[in-house]
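Trainee: This is a predicted model, with the sequence first.
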Amino acid sequence: MGRPAVAIALSAAERGELESLARARKTGQAMARRARIVLAAATGMENKTICAEVGADANTVSKWRRRFASDRLAGLLDEPRAGTPRKIGDEAIAETIRRTLETTPPGATHWSLRSMAKAVGYAPSTIHRIWRAFGLQPHRSETFKLSTDPLFVGKCATSSAST
């Protein structure tokens, strides 16, 4: 026979939060399932019954029951994944974004991946990931930009005269 299941007793606030997580449309499926597991465990159900009701493996039910018992609601959050931690901190990312939005490279109207990468000292792929994560597209202009070309007026006059 396996280990006895950990008993779960919920406060009114915890029950309300778990019920909200279980039924909210914006909650991720994994979090909603964890909330349903804990709610079922709080009613006194056995793990086998919870498995059948929630559609989860016995190890999964046991894991979330134990984690909730030890860490309460915080125990239902995902733990950090294995792998190399980020090398670029939030400050450096914020500085790259600020530079993208508030400055222009010398002799150009907007930043390119390569020019920004050279300016901040990162690989172009890193700049691309930062820009994509924050929805930045410096090559796409939302407003009219005045040309910095000193011969702009003359070029416009000749092009309109020829048409």
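Mentor: Done, it's in.
Trainee: Now do the same contact list for Glu53.
Mentor: Residues counted as contacts of Glu53 (C-beta atoms under 8 Å, 6 or more residues apart in numbering) are 36, 40, 45. Yep, even glycine has a C-beta here, placed from its N, CA and C like the rest.
Trainee: ok, now how distant is it from Gly135?
Mentor: 41 Å (C-beta to C-beta, to the nearest Å).
Trainee: Surely Ala42 and Ala9 touch.
Mentor: Yes - look at Ala42 against Ala9 with C-beta atoms under 8 Å: they come within range, at 6.9 Å.
Trainee: what is the rounded mean pLDDT of stretch 9-21?
Mentor: For stretch 9-21, the mean pLDDT works out to 82.
Trainee: Next, the buried residues of it.
Mentor: 10, 14, 17-18, 21 (16 or more other C-beta atoms under 10 Å).
Trainee: Only the C-alpha atoms, please, for that stretch, written as CSV.
Mentor: Only the C-alpha atoms of stretch 9-21 are listed here, as CSV (Å, rounded to 0.1, in the frame of the first residue of the first chain):
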residue,chain,number,x,y,z
ALA,A,9,-8.0,22.0,4.7
LEU,A,10,-8.8,25.3,2.9
SER,A,11,-9.6,28.7,4.2
ALA,A,12,-12.4,30.6,2.6
ALA,A,13,-10.0,32.9,0.8
GLU,A,14,-8.0,29.9,-0.6
ARG,A,15,-11.2,28.2,-1.7
GLY,A,16,-12.4,31.3,-3.5
GLU,A,17,-9.0,31.7,-5.2
LEU,A,18,-8.9,28.1,-6.3
GLU,A,19,-12.5,28.1,-7.6
SER,A,20,-11.7,31.3,-9.5
LEU,A,21,-8.6,29.7,-11.0
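Trainee: please renumber so the chain begins at 20
Mentor: Yep, numbering from 20; the last one is stretch 28-40 now.
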